[in-house]
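J.: just coords:
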Ligand code: ADP
Ligand code: MG
Ligand code: ZN
């Protein structure tokens, strides 16, 4: 966080004038003499004699090793110098021409001018400069909200967002909508609630992974209730000046209560709502802002008609004070859409594009297990873009199928050339995964495998389609899953007796799953239901911390390794027992570059 304070205690104006004075001195003592010395013109001795002859020389000063003289020509005078020559006729000549000579000090051309030049001009310039600087500075600071000079308050004016979003634009998320319906109802008929003495929730916290429609549904609440929607992102409160964020919160609530009934939406509230005192570098600014938010939420009565919605994907780091009753007393979870949810979301977004023919939404939704609403919206858009590229004016099923691969696996690389040797390895690797999956009854069947390289860097791509959504994973399923992930590397081993870097992603996934089985799901014999890790985000990866002694952590590592080893051995064994199928399937994939689930099963069952 950049916390900037004003430069320390020495009066900045005093400092400024000090620097200016020093600059003036430097100018006069060093720069001016340099300039004026360059004004002395160096001439040849013969030029000097000619000038004396012509009578333009006014004075001559003979020094130890040079002669300075002043000539006046066309009304201007100039100081010149030349070297000494042993010339005994010089003095008589000067005498003859009646030119004064000797130790004459050539004076500056115009003493008043020179005084002006050396002292008044710089001071005037500096004065002018400082005046403008000052004015600009004031202007700039004056423009910064909260730093106004003089009278008049020009804090930010919050303008309600235009909203035309309705609940019908939010597909799926039925539980969330139901929960929020109450808020809408309250905003529409507050009397109904005040009559009974019921208080509407002041704050509703929307939590869920990115792209599940938190921002969208908040807008839809305002749209349904037809009230102003004040939206601000948590990061907008993070300000350079301490106390400014708090002032912003105050302004926001002041203006919102003037517009009541209305909705105030704070997006990404975790930026300011982080648990206080949990980090080493405490951030005064953020704490003040949070405190102000808490105060504001307490400040207005529940039935003032201002309802605060907030969204976050990291609810676990929020300050507990935010979540207590009277503040964000209701939490509405938004989850990744299930199969039906995905179908609905695809349909909602497909309404905005031109479609020709039948679209099999069920197939598309089954192929996008785990995709968020935002990704699904993106898939529809990519499909439309592809139709444009192909010069059509309507979107076909194949556009959408292709765009699933684009969005999920990165765009198909048109010109990437893979050597035959590489292609062979990739084919065996991918078939290895699929074959191990197919040979274990618990694994989901493979929908399609391609070995066309993608820009995302993945060389092969296995699309698995689950029959339905799974909420629980059994231990045997988890073990089967591990064997499937190990299948790629195992195929490389049993066929080529060599391993490649292609399995790095598999290794990551495998380790994560095996570790979770031990530390989180209680699936190891050694530890049983002992919880060994804590923390971590529910919706984002990472952030977990081991919650055990060093010695136990070592045992956990050992346990994880033995689970992984067992999975690898199982995969190898399954492949060794089915070498014929492995070779045949890989040959097919190498030739065709793509194999569908149906073709796969036909070859396998031959
Ligand atoms: P979040 O705030 O949860 O990260 P957004 O609300 O910004 O996600 O969603 C991004 C986009 O994804 C939305 O604008 C919308 O187009 C699409 N989207 C997400 N969830 C849904 C949904 N349930 N129904 C329809 N569109 C959705
Ligand atoms: Mg959002
Ligand atoms: Zn792999």
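T.: Nice, thanks for sending it over. Owing to the predicted nature of the structure, the values given are computational and were not obtained by experimental measurement. Ligands and ions are numbered 1, 2, ... in the order given.
J.: Near ligand 1, which residues of the stretch 101-250 of the chain? Just list them.
T.: Neighbours of ligand 1 within the stretch 101-250 of the chain, by CB under 6 Å from any ligand atom: 170, 171, 172, 173, 208, 210, 211, 212, 213, 214, 215, 216. The C-beta positions use only the backbone N, C-alpha and C, and glycine is treated the same way.
J.: As a markdown table, these with neighbour count and secondary structure would be great.
T.: Shown next, in a markdown table, are those (neighbours: other CB atoms under 10 Å; DSSP: H, G, I helix; E, B strand; the rest coil):
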| residue | neighbour count | secondary structure |
| --- | --- | --- |
| 170 | 25 | coil |
| 171 | 23 | coil |
| 172 | 24 | coil |
| 173 | 27 | coil |
| 208 | 24 | coil |
| 210 | 12 | coil |
| 211 | 19 | coil |
| 212 | 27 | coil |
| 213 | 26 | coil |
| 214 | 27 | helix |
| 215 | 19 | helix |
| 216 | 19 | helix |
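J.: Quick check: the farthest pair among these?
T.: 171 and 210 (17.2 Å; CB to CB).
J.: For whichever residue of the stretch 101-250 of the chain sits closest to ligand 1, give its distance to residue 309.
T.: Nearest residue of the stretch 101-250 of the chain to ligand 1 (CB to the nearest ligand atom) works out as residue 213 at 2.7 Å. Relative to residue 309, residue 213 is positioned 13 Å away (CB to CB, to the nearest Å).
J.: Would you tell me what helix or strand the nearest residue to residue 498 once chain neighbours are set aside is located in?
T.: The spatially closest residue to residue 498, leaving aside those adjacent along the chain, is residue 492, at 6.6 Å (CB to CB, 6 or more residues apart in numbering). Secondary structure assignment for residue 492, by DSSP states H and E: helix 475-496.
J.: pLDDT averaged over the helix or strand just after that helix - what is it?
T.: With elements assigned by DSSP H and E, the helix or strand that comes after helix 475-496 is helix 504-519. Taken as a whole, helix 504-519 has a mean pLDDT of 90.
J.: which bits of the protein sit near ligand 3?
T.: 488, 506 (CB under 5 Å from the ion).
J.: so where's the stretch 101-250 of the chain shaky on pLDDT?
T.: By pLDDT under 70, the low-scoring segments of the stretch 101-250 of the chain are 103-109, 134-163, 239-242.
J.: Please identify which residue in it comes closest to ligand 3.
T.: Closest contact between the stretch 101-250 of the chain and ligand 3, by CB to the ion, is at residue 209 (24.6 Å).
J.: is it true that that residue touches residue 372?
T.: Yes: here residue 209 reaches residue 372: they are 6.4 Å apart, a contact under CB atoms under 8 Å.
J.: if I look at those two, which residues touch both of them?
T.: Counting by CB atoms under 8 Å, 6 or more residues apart in numbering, the shared contacts of residue 209 and residue 372 are residue 336.
J.: if you count what's nearby, which of these two comes out ahead?
T.: residue 372 (21 against 17; other CB atoms under 10 Å).
J.: For that one, which non-adjacent residue is spatially closest?
T.: Excluding its sequence neighbours, the residue lying closest to residue 372 (CB to CB, 6+ apart) is residue 211, at 3.5 Å.
J.: what about the residue nearest to the spatial centre of the chain, is that helix, strand or coil?
T.: Nearest to the mean C-alpha position of the chain, by CA atoms, centre = their mean, lies residue 235 at 11.6 Å. Classification of residue 235 by DSSP: H, G, I helix; E, B strand; the rest coil places it in helix.
J.: same thing with residue 18?
T.: Residue 18 - assigned by three-state DSSP - is helix.
J.: mind checking how far residue 432 is from residue 485?
T.: Taken as CB to CB, the span from residue 432 to residue 485 is 10 Å.
J.: next one: residue 472
T.: According to CB to CB, residue 472 and residue 485 sit 19 Å apart.
J.: And the pLDDT at the residue nearest to residue 498?
T.: Listed pLDDT for residue 492 reads 95.
J.: so it makes contact with residue 486?
T.: No: Residue 492 is beyond contact range of residue 486, at 10.9 Å (criterion: CB under 8 Å).
J.: Who has more neighbours out of those two?
T.: Per other CB under 10 Å, whichever of residue 492 and residue 486 has more neighbours is residue 486, with 29 against 20.
J.: who are the neighbours in contact with residue 24?
T.: Taking CB under 8 Å, 6+ apart as the test, what residue 24 contacts is 119, 122, 123, 126.
J.: Check whether it sits in a helix, strand or coil.
T.: helix.
J.: Skip the chain neighbours and tell me the closest residue to the residue nearest to the centre of the chain.
T.: Closest to residue 235 by CB to CB, 6+ apart is residue 271, at 4.9 Å.
J.: what helix or strand is that neighbour on?
T.: Assessed by DSSP H and E, residue 271 sits inside helix 270-273.
J.: before we move on, what about residue 96?
T.: With DSSP H and E as criterion, residue 96 is part of helix 90-97.
J.: can you tell me the average pLDDT over that helix?
T.: Taken as a whole, helix 90-97 has an average pLDDT of 82.
J.: quick one: that helix to chain centroid distance?
T.: Centroid separation for helix 90-97 versus its chain: 86 Å, with CA atoms, centre = their mean, to the nearest Å.
J.: For that helix, list every residue counted as buried.
T.: 90, 94 (16 or more other CB atoms under 10 Å).
J.: ok, residue 229 touching residue 262?
T.: Yes: counting by CB under 8 Å, residue 262 is a contact partner of residue 229 at 7.2 Å.
J.: Nearest to ligand 1: which residue in this structure?
T.: The minimum distance from the chain to ligand 1, using CB to the nearest ligand atom, falls at residue 373 (2.2 Å).
J.: Show the contacting residues for that residue.
T.: Going by CB under 8 Å, 6+ apart, residue 373 touches 171, 172, 211, 212, 213, 216, 337, 345.
J.: and after the longest helix seen in the chain, which helix or strand comes next?
T.: The longest helix of the chain (DSSP state H) is helix 550-577. Per DSSP H and E, helix 550-577 leads on to helix 579-592 as the next helix or strand towards the C-terminus.
J.: That following helix packs against which elements?
T.: Helices and strands touching helix 579-592, as assessed by 3 or more CB pairs under 8 Å, 6 or more residues apart in numbering; DSSP states H and E, comprise helix 420-439, helix 475-496, strand 594-596, helix 597-605.
J.: can you list the residues that contact the third one?
T.: Which is strand 594-596. 447, 448, 449, 450, 451, 452, 585, 588, 589.
J.: Same list, these, but as a markdown table with neighbour count please.
T.: Listed next are the contacts of strand 594-596 as a markdown table, based on neighbours: other CB atoms under 10 Å:
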| residue | neighbour count |
| --- | --- |
| 447 | 18 |
| 448 | 20 |
| 449 | 27 |
| 450 | 21 |
| 451 | 25 |
| 452 | 16 |
| 585 | 25 |
| 588 | 19 |
| 589 | 26 |
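J.: Can you convert those into JSON lines and add a column each for distance to residue 528 and pLDDT?
T.: Below are the contacts of strand 594-596 laid out as JSON lines (distance: CB to CB, whole Å; pLDDT from 0 to 100):
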{"residue": "447", "distance to residue 528": "37", "pLDDT": "74"}
{"residue": "448", "distance to residue 528": "40", "pLDDT": "76"}
{"residue": "449", "distance to residue 528": "38", "pLDDT": "83"}
{"residue": "450", "distance to residue 528": "42", "pLDDT": "77"}
{"residue": "451", "distance to residue 528": "42", "pLDDT": "76"}
{"residue": "452", "distance to residue 528": "45", "pLDDT": "67"}
{"residue": "585", "distance to residue 528": "40", "pLDDT": "94"}
{"residue": "588", "distance to residue 528": "45", "pLDDT": "92"}
{"residue": "589", "distance to residue 528": "42", "pLDDT": "89"}
